[in-house]
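Q: Here is the input, now give the coordinates:
(one chain, ligands or ions: 1)
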Amino acid sequence: MSQLELELARRRTFAIISHPDAGKTTLTEKLLWFGGAIQVAGEVRARKASRHATSDWMELEKQRGISVTSSVMQFPYRECMINLLDTPGHEDFSEDTYRTLTAVDSAVMVIDSVNGVEAQTIKLLNVCRLRDTPILTFINKLDREGRPPIELLDEIESVLDIQCAPMTWPISMGKRFRGVYHLYDDIVYFFDPQAEKGTSEIIEGLDNPRLDELIPDQAEELRMEVELVRGASHAFDQEAYLAGRQTPVYFGSAVNNFGVQSLLDAVVELSPAPQPRATETRLVQPAEAKFTGFVFKIQANMDPKHRDRIAFVRVCSGKFERGIKLRQRSTGKTLAVNNAITFMAQDRNTTDEAWPGDILGIPNHGTVLLGDAFSEGEDLKFTGIPCFAPEHFRRAQIRNPLKMKQLQKGLQQLAEEGATQLFKPIHSNDLILGAVGTLQFDVVAHRLEFEYGVDVMFEPYPVATARWLRGDDLAIRALADKSGVNVALDGAGDHVYLAPNRVNLAMTQERHPEVKFLETREIH
Ligand code: G4P
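A: The predicted structure follows:
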């Protein structure tokens, strides 16, 4: 095997998805801790705490800085190199999350055993489904009195429409929670919140007499339940998991470190190595010798005055070496990449090499765009990086008209970064901003002020939702003639319908059957 094949076979690149408060931050931290990437638990949660006060601009600044360093966490575990991609917890930044999910090969879904499947879980799972991303499930907070495990599995199956294959089974929950039984390894892990790694003892076999010694009043109940579960649930099926049709389920308590190691082992043993990526012209295989990668996220750097940005590149094929000459798709220019960074644990290091599945941070001054691609010469456009129809709209009003140019430039650049979407109605000179969550407007206002020196006000704008228009030129022109006040161009020059309300949208769609109204579009 070549070094490339070896390195790529040991890569695991995944993200954690969950509804806020299910325990994503806690689990992330524990995974890092079990992976030996951090010494003291508490660091990640401390950083999260500072993300909360988002109204204060200092906090916004901090938050941006923090999310650069913690957006990708790389650490070795067993024979593997793990890349854990962070997704913003706040749902106002969910677009960022959606795009990050295009850069992973699998995901871990965290479910709160008390709350079950929640709204944000459903949304995120639907995004994973766009690419049939394989999903491992971690049912968290078993130390609390949650819902019966069977009921939780049923809910996942019916609401999320994915088969569940329990891999471990909990021994009761809440006050009576004693541990989990691994259905395939035939091992019982005993839970002890006081033990250093959450586990007090590990025994082999359900018929082990030690089981009766340790949990005399629960052993028989466990044996019966396991028999029932084996009979009534789906057996693990590797192929169905890899196709995104089945999710292996693990139980635990992240805050108590319990069940986390089994989950990390599952990432190594079950989840896929880097997968091929689709482009407009062909499928790129990770083992191809030549380097390719695409940009799934752009993040402003710590120092806003310098307008530095970091483009996050998912390596799709080949080997990255410091100084490699890469062609950037959007400019067609070739550049020598000397200053790319990787993300070992929390520190950013200038990297010498990277392999498929790894994430590189490429510093730039705004020349690299979302959805951009890098290659050793070939013109490749990776597909599937989505842009979502915004649900909140504002009109940008400038206090000092002399700063109009800066405002336009700033908004254009922030739109390219994915911080907001920009729409220009064809019949007016308005600048309309669209966002998936309103907090995005605060960030944009703040950044316009500090990075572009523009003092801007945002006024409500009477639009309920946007749809990208697809159809032949004549059809779109006909629509623009009739409903021009509602038609705009987005930052990329695409026609968009800005609907004042749902009824209007439905009527316009009915009147123009030859035009498609899309809720998402691919980034150019
Ligand atoms: P998130 O990133 O998904 O939003 O969740 P986060 O990890 O911040 O966890 C949300 C809350 O759930 C935290 O409590 C956390 O301590 C708690 N939690 C996480 N895992 C478990 C678990 O296994 N059992 C129990 N009982 N709780 C868990 P908090 O009150 O918001 O914060 P803190 O007081 O613990 O700092």
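
Q: Helices along the stretch 301-450 of the chain, start to end?
A: Taking DSSP state H, counting those that start in this stretch as the criterion, the stretch 301-450 of the chain carries its helices at 404-417, 439-452.

Q: can you redo these as a markdown table with distance to the ligand?
A: In this view, the C-beta of every residue, glycine as well, is placed from N, C-alpha and C. As requested, these are exported to a markdown table (distance: least, CB to the nearest ligand atom, whole Å):
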| stretch | distance to the ligand |
| --- | --- |
| helix 404-417 | 24 |
| helix 439-452 | 15 |
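
Q: what's the most buried one of those?
A: Among those, helix 439-452 has the highest mean neighbour count (mean count of other CB atoms under 10 Å), at a mean of 20.

Q: Now do the strands in the stretch 51-200 of the chain.
A: Defined through DSSP state E, counting those that start in this stretch, the strands belonging to the stretch 51-200 of the chain, from first to last, are 72-77, 80-85, 106-112, 135-140, 163-166, 168-171, 179-182, 187-191, 199-204.

Q: Nearest residue to Asp143 in space, ignoring adjacent ones along the chain?
A: With sequence-adjacent residues excluded and distances taken as CB to CB, 6 or more residues apart in numbering, Asp143 is closest to Ser253, at 4.5 Å.

Q: and the gap between that neighbour and the ligand?
A: Distance from Ser253 to the ligand, counting by CB to the nearest ligand atom, to the nearest Å: 3 Å.

Q: One more: Cys387?
A: 25 Å.

Q: That residue bridge partners, please.
A: Judged by DSSP bridges, the bridge partners of Cys387 are Arg521.

Q: what does Val315 give?
A: Here Val315 sits in beta bridges with Gly293, going by DSSP bridges.

Q: who's in contact with it?
A: Shown in contact with Val315 (CB atoms under 8 Å, 6 or more residues apart in numbering): Pro274, Phe291, Thr292, Gly293, Ala354, Trp355, Pro356, Gly357, Asp358, Ile359, Leu360.

Q: I'd assumed Pro286 was in contact with the first one.
A: Okay, so that is Pro274. Yes - contact criterion CB atoms under 8 Å: Pro274 and Pro286 qualify, at 4.3 Å.

Q: Could you tell me which residues touch both of those two?
A: For the pair Pro274 and Pro286, residues contacting each of them under the criterion CB under 8 Å, 6+ apart are Leu8, Cys316, Pro356, Gly357.

Q: Just name the closest of those residues to the ligand, please.
A: Gly357 (24.1 Å; CB to the nearest ligand atom).

Q: For the closest one, give its distance to Gly377.
A: Taking CB to CB, to the nearest Å as the measure, Gly357 falls 22 Å from Gly377.

Q: what do you get for Ala435?
A: Taking CB to CB as the measure, Ala435 falls 37 Å from Gly377.

Q: got it, and Gly418?
A: When distances are taken as CB to CB, Gly418 and Gly377 turn out to be 27 Å apart.

Q: now do Leu433
A: Leu433 sits 37 Å away from Gly377, taking CB to CB as the criterion.

Q: hmm, back to that, which of Gly357 and Gly377 has more residues huddled nearby?
A: For Gly357 versus Gly377, the count of surrounding residues by other CB atoms under 10 Å is larger for Gly357: 28 against 11.

Q: mind listing what the more buried one touches?
A: With CB under 8 Å, 6+ apart as the criterion, the residues that contact Gly357 are Leu8, Arg11, Arg12, Thr13, Met81, Asn83, Asp105, Ala273, Pro274, Pro286, Arg314, Val315.

Q: Can you tell me the closest non-neighbouring residue to it?
A: With CB to CB, 6+ apart as the criterion, Gly357 has its nearest non-adjacent residue at 3.3 Å, and that residue is Arg11.
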